[in-house]
Structures are given as C-alpha cells and as structure tokens.
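**Q** Let's see this in three dimensions:
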Amino acid sequence: MSVQGEDLMEKEIAKFLAASSFAVAGASANQHKYGNQIFRALLSSGRNVHPLNPFAEQIEGQAAYASIADLPEAPESVSVVTPPPVTRQVVADAIRCGVKHLWMQPGANDAESSESARRAGLTVIDDGSCVLVLLARE
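**A** Residues are numbered from 1 along each chain as shown. Sure thing, here's the model as predicted:
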C-alpha cells in the first residue's frame, strides 16, 4: 500500500474508532471466538456497543439483537465478523439503516459488499487489518 493509501486507511480507522456508538455483527457468546473478543474489547474500552447475533439472547450480559434494524438506534460504526454471504446482508442492512463506518474483519471481507458500501458513502475498512490490534494500542 502506498504512503497515501496508508494515510487514508489511518483516517478511516480513526473515524471508525471515534464513533459514539458501535455494533459487532457476528458477536458470539463463545469467548474463544473473534466476534466475542472484538465485542469485549470495544466494551472494555468504554464504548457504547451492541452485539448482533440472531441466535443469542445475551452476550457478555448485554442484550443481543438479530440485526442492525432491531437496534434501538443505528450505530455509527459496525465491526463485521461474519462469513462473506452473511456480510452481504449485514452491509445491506447497514446501508439501509444509516450506518456510517464498516470494518470488515479478516475473513468477513467481501468485494461486492465493500463496493456497495462505498457507493452508498460509508467508510469501509477491508484491508485485512483487525480492530483488536488497534484497540490494543489505545
């Protein structure tokens, strides 16, 4: 990646992390899964974060929601930790609900989803970087 590309990515990451509200699509009740680790990292950093998982009632003591549309209000930033076919639905929901920033974690990225999110004006982080690494630096 060029220096200019790195600067742009740093700005997009800063926007994602500066949001006032977050959701983790693919949050898991299993503490060994990345969806749970990312959710806990955002939560322990003092951020307002909601878990998204259509098969769980609660994750880490927080009410879990089936989708972005089920949240009391749309989050500004969504971390996506889902398989690509699910990522497509998450991104469509994010666009429809007014999410501003998406971070597709390694393994969740999907070129079609990234392109549609960018066309809709969302900030998209899909370069293979992981939010856990960035949160560890804070």
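**Q** my read: residue 91 touches residue 117, true?
**A** Yes. Look at residue 91 against residue 117 with C-beta atoms under 8 Å: they come within range, at 5.2 Å. Bear in mind the C-beta positions are built from the backbone N, C-alpha and C, glycine included.
**Q** Residues that sit against both of these two, list them.
**A** residue 102 (C-beta atoms under 8 Å, 6 or more residues apart in numbering).
**Q** Give me the more crowded residue out of these two.
**A** residue 91 (29 against 26; other C-beta atoms under 10 Å).
**Q** OK, contacts around the more buried one?
**A** Here residue 91 is in contact with 80, 102, 110, 113, 114, 116, 117 (C-beta under 8 Å, 6+ apart).
**Q** Give me the ChimeraX select line for those residues, limited to the buried ones.
**A** Command for ChimeraX, covering only those of the contacts of residue 91 found buried under the criterion 16 or more other C-beta atoms under 10 Å:
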select :80,102,110,113,114,116,117
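**Q** Please flag which of the contacts of residue 91 sit within strands.
**A** 80, 102 (DSSP state E).
**Q** now, the most widely separated pair of the contacts of residue 91?
**A** Using C-beta to C-beta, the two most remote members of the contacts of residue 91 are 80 and 116, lying 13.1 Å apart.
**Q** Could you check how far the residue nearest the centre of the chain is from residue 63?
**A** Residue closest to the average C-alpha location in the chain (C-alpha atoms, centre = their mean): residue 79, at 0.9 Å. Separation of residue 79 from residue 63 (C-beta to C-beta, to the nearest Å): 18 Å.
**Q** same check, this time on residue 83
**A** 24 Å.
**Q** With residue 74 instead?
**A** 16 Å.
**Q** swap in residue 98?
**A** In terms of C-beta to C-beta, residue 98 sits 21 Å off from residue 63.
**Q** Same check on residue 80?
**A** 20 Å.
**Q** Fine by me, thanks again.
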